Each structure stands twice: as structure tokens, then as C-alpha cells.
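Asker: sequence first, predicted coordinates after that:
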Amino acid sequence: MKITEVIAHQLLVNVDEPFTSSRGWIYKTKGALVVEIRTDDGIVGWGDCYGPAAVNRSIVESLLRPSLIGRDPFDVEVLWEELYNKVKDYGLSGMTISSISGVDIALWDIIGKATGQPIHKLIGGSFRNSLQAYATGLYFRNMDRLNEEAVEEALGYKSQGFKAIKMKIGLGSLKKDIERVAAVRDAVGSDIALMVDANHCFNVPQAINIGRELEKLDVHWFEEPISPEDLDGYVEVSRSLDMAIAGGENEFTKFGFRRILERRAMDIVQPDVCAAGGITECKKIAALAQANSVQCVPHAWGTAIGLAATMHFLASLPFTPPCLVPTQPMLEYEQTFNPFRDELSSADLTHREGMVKVPTGAGLGIEINREVLERYKVA
């Protein structure tokens, strides 16, 4: 089997209800870069790249594609190393690795389809057939009703059966943030795991101060409290707080995560399968995390392709630590407007009472709706 074509589909859609986070910019559109790899025997594989779609498209088409045409997709790790070494002088992290991630996912999809096996069977098997999902939402929309809208949204997720919710913080005021989190905690009760995500908007003293207040509200984990470049700061925040500190969605490859894990800078690492190097590299990141007794809970934000790839990866992760009642690695189930997740595939990736079944079909276990792909495609 040989690769005959690599196609980058750039997608774009207007967001029906704009929203923001502590990052400051308003999400008025959503984009995605879907990678399609075709083979000479008719098997097609699909991948998803995290980050600005136009940049990923340029990297895939101009830099990666020439190295893939005519190659055997079963040489997935060989190709990963070749592509990584090709970009090493100028792309050790960031968009080049995100683009390689999309290619890698598509190759695993091809291998699964060729062998008639779901990806999780090819990467070690499945420790779990269904995944506990947590709802990611509670962004900032109406600045005059921040607490009210957060409570309403959180109660909606609880009514759907979610047992875990992640909300945004970073309003520029410790008092405002704590009041908003407290309002949500009071509304959903103590049985719901509540996580907060600051999108790295604090410095170390601010993160420690607000973290101490968040601990009183039984926050399950504090995600990206400070800038990802400040590894020493992460160590200080992690040592100062009793709750789990999570991060890593902005880190890439086993080399980047090795630095985090060597320092024990985080209690939970969150590689994104569509960004950190694909399934091939994320399995190695997860092995490093296990060797350091650190839980791996991947970040997920993208299309149905990325969601399915994340589910196969999660299914293959061993319990860390193994015990009588182990902690399940949860699936991030992003809740903002996203037709690339909801419409692109005919496969059922929806949750039932906060649980999502791992796909069992060959490869990713999903089929792509080309009509939807064309509807949102940028010329």
C-alpha cells in the first residue's frame, strides 16, 4: 500500500454566540484543518490539526506532503521521525508539530481500516470501553450576567448527566472569580467534580492566592494557572497548593513533556493528540507520565476526528496508579458551538449521562460526511 495524495481541508464557520475567556479575544469564528490521506488501494485516512487552520494547511501542503507521497502508511513511526527531523531546525514545537499530529492520526486511521481493527486495539488494547466525559464550557459571554449565566449553564450540564464540569476563570479580580466559582459550586452541589481553567492568565503569587480560595470550594483541578513558559513558576504553584495543578495543552512532543515531568511541575499533564505529536507521540508522553506517577488527561478541542482520536488514546491508557478503585482519566467534552464536531461524522460520539462509548469500528471508527466538509471548506 502506498500514499497517493495528502489533502488539507481548511474549514471555517461563524460562531452563533460569541464568547471569550481570560485570553481576551472574542471567539467569533471557529476554524479547523482536516487532513485527508489517500492510498493506492482506496483506503482513506483522516486527521485533525490543532491551531490556526491556515498555518497548518500551509505546513501540510508545502512541507509535509512531499515526504509522504509514495510511502507506506504502515511505516507510521518511521514517517513520524522523518517528518520531525525535517522540521527540527526550526520547528521543535508549535504549528509544525500540530501539522505532523494530523498526519499521524490519518495514518493510524488507514492502518486500522486496512487491518479491520479500531486504533485502540493497535496501540495496546482498551482498558475501558466507555469514558467519563467532563463538560468544558462556562466561558464569558454577557459581562452583566457572569454569575447567572454560569449557574444556568452548569445546571444544564448537570441535568444532562455530566458528573464533572470545567469552567473558565480570569476576570481580573480574585473576588469576582471566587464569587462566580462559588455560585456554580453552590448550584451544582458537592457531587459534581468542578475544575477551573485560567488559560495561563495569572502570575505565581496571584495563582497561589486564588488557588487557596479555590481549594475551599473543593475544586478538583486548577488548569493552566500561569504561563506555560514558566516551568519554575509551575513548580512553585504546585508545591504551594494541595489541589491538583494541570497543564500541558501548549506543550509538544515527549521532549517537552520530559522537562515537565522531570521537575514534577504538574500533577496532571494534558497533551493534545492533535497538537503534541499525534497518537504515536502521545503514547510515549503517556508512558513518561506513568513512569513518573503523574496522571495523563488529554486536552481535546476540535473536530469529530480529533474527538475520536482522543477517545482511542484514552481507552489505551493504564490506570495511574493501579488500585482497587482507580481514578478514571476523563474525556474533555467541549460544549461551545462546533459543527465540525457535531456534523462532520455520522458516528455517534454523543454522551449518555456523561458517558461516551469508545468507537469500535475500524480505524477511528467514524465516517466523514463530505457534504459537511464541502459546506464549511475555505476555497
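Answerer: Good, I have the coordinates.

Asker: where along the protein do the strands fall?
Answerer: Using DSSP state E, the strands of the chain run over 3-20, 26-39, 44-49, 130-136, 164-168, 193-197, 219-223, 244-247, 268-269, 295-296, 331-334, 355-357.

Asker: okay, those strands, which one's buried deepest?
Answerer: strand 44-49 (a mean of 28; mean count of other CB atoms under 10 Å). Every residue, glycine included, has its C-beta placed from N, CA and C.

Asker: show me the contacts for the residue most central in space within the chain.
Answerer: Nearest to the mean C-alpha position of the chain, by CA atoms, centre = their mean, lies Ala300 at 2.0 Å. By CB atoms under 8 Å, 6 or more residues apart in numbering, the contact set of Ala300 is 272-273, 306-307, 310, 331-334.

Asker: likewise Asp104?
Answerer: 47, 76, 79-80, 277-281.

Asker: ok, back up a step: among the strands of the chain, which comes closest to Gly256?
Answerer: strand 268-269 (10.1 Å; CB to CB).

Asker: ends of stretch 240-254, what's the gap?
Answerer: From its first residue to its last, stretch 240-254 covers 26 Å (CA to CA, to the nearest Å).

Asker: buried ones in that stretch?
Answerer: 241, 243-254 (16 or more other CB atoms under 10 Å).

Asker: adding pLDDT and distance to Thr20, write these out as TSV.
Answerer: Listed next are the buried residues of stretch 240-254 as TSV, based on pLDDT from 0 to 100; distance: CB to CB, whole Å:
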residue	pLDDT	distance to Thr20
Leu241	98	26
Met243	97	25
Ala244	98	26
Ile245	98	24
Ala246	98	21
Gly247	98	20
Gly248	98	23
Glu249	97	18
Asn250	96	18
Glu251	98	24
Phe252	98	25
Thr253	98	30
Lys254	98	33
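
Asker: returning to what we had before: how far away is the residue nearest to the centre of the chain from His312?
Answerer: Distance, Ala300 to His312, by CB to CB, to the nearest Å: 12 Å.

Asker: could you do Phe252 as well?
Answerer: Taken as CB to CB, the span from Phe252 to His312 is 20 Å.

Asker: need the contact list for Tyr27.
Answerer: Tyr27 sits next to 15, 18-20, 139, 336 when contact means CB under 8 Å, 6+ apart.

Asker: quick one: pLDDT of the closest residue to Trp46 other than its chain neighbours?
Answerer: Taking CB to CB, 6 or more residues apart in numbering, and ignoring the residues beside it in sequence, Trp46 has Ile305 as its nearest neighbour in space, at 5.0 Å. As predicted, Ile305 sits at a pLDDT of 98.

Asker: and what of Ala347?
Answerer: Value for Ala347, per-residue pLDDT: 87.

Asker: phi, psi for it please.
Answerer: Ala347 adopts backbone torsions of phi -70, psi 150, taken as degrees, to the nearest 10.

Asker: shouldn't it be in contact with Ile368?
Answerer: No - using CB atoms under 8 Å, Ala347 makes no contact with Ile368, being 9.4 Å away.

Asker: more neighbours: which of those two?
Answerer: Using other CB atoms under 10 Å as the criterion, Ala347 and Ile368 rank with Ile368 on top: 21 against 17.

Asker: what distance do you get for that one to Glu36?
Answerer: The value you get for Ile368 to Glu36, if CB to CB is used, is 8 Å.

Asker: and for those two, which residues touch both?
Answerer: Trp46.

Asker: one step back: and the residue nearest to Trp46, how far is that from Lys357?
Answerer: Distance, Ile305 to Lys357, using CB to CB: 17 Å.

Asker: show me what contacts the residue nearest to Asn14 when sequence neighbours are not counted?
Answerer: Of all residues not flanking Asn14 in the chain, Thr29 sits nearest, at 5.6 Å (CB to CB, 6+ apart). Applying CB under 8 Å, 6+ apart, we find Thr29 in contact with 12-15.

Asker: would CSV of the strands of the chain with distance to Thr115 be doable?
Answerer: Converted to CSV, those look like this (distance: least, CB to CB, whole Å):
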stretch, distance to Thr115
strand 3-20, 17
strand 26-39, 13
strand 44-49, 12
strand 130-136, 23
strand 164-168, 34
strand 193-197, 37
strand 219-223, 36
strand 244-247, 35
strand 268-269, 30
strand 295-296, 26
strand 331-334, 25
strand 355-357, 21
